[in-house]
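Visitor: What would the 3D arrangement of this be:
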Amino acid sequence: QVPLVESVGISESSGGSITLSCTGFGYTYSPYCLGWFRQSPGKEREGVAIIDSGVRTTYADFVKGRFTASRDNAKNTFYLQMDNLSPEDTATYYCAAGNYDSLNQYLYTHWGQGTQVTVSS
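Guide: Alright, predicted model coming up:
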């Protein structure tokens, strides 16, 4: 079983909102930094947001003010609230857990399977 399982992909109109969730299995993720990454066709996977074990958040510039990361350690689940969506946010979104507070994907050791988010204009 994969260590992290994401919510099912969804489509939304431009300006709308989506909340992604990611639940951990096999590990207690409370000590980990939890990250969200995304990959669009033809592009490299990029960091979107992280929330560390102290619940401090860091966001990529292109989502600041629109996306909010949160976590519920009791449920071993973390979330990405995405507001004011645009077609440029269309991508496969991945959750991940790692030991370092960074948007660098190579520092993450546990990954979800990815979920498709599609935003129409």
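Visitor: and the residue nearest to Cys95 when sequence neighbours are not counted, how many neighbours does it have?
Guide: On the basis of Cβ to Cβ, 6 or more residues apart in numbering, the spatially nearest residue to Cys95 that is not a chain neighbour turns out to be Cys22, at 3.4 Å. C-betas here are computed from N, CA, C, even on glycine. Neighbour count for Cys22, taken as other Cβ atoms under 10 Å: 26.
Visitor: Quickly list what Cys22 is bridged to.
Guide: Glu6, Phe78 (DSSP bridges).
Visitor: What pLDDT is listed against it?
Guide: The model reports Cys22 with a pLDDT of 97.
Visitor: ends of stretch 90-105, how far apart?
Guide: Using Cα to Cα, to the nearest Å, one end of stretch 90-105 lies 19 Å from the other.
Visitor: Can you give me the buried ones in it?
Guide: Buried residues in stretch 90-105, counting neighbours by 16 or more other Cβ atoms under 10 Å, are found at 90-98, 101-103, 105.
Visitor: Could you tell me which residues make contact with the residue positioned nearest the centre of the chain?
Guide: Taking Cα atoms, centre = their mean, the centroid of the chain lies closest to Trp36, which sits 2.5 Å from it. By Cβ atoms under 8 Å, 6 or more residues apart in numbering, the contact set of Trp36 is 20, 22, 47-50, 67, 69, 80, 93-96.
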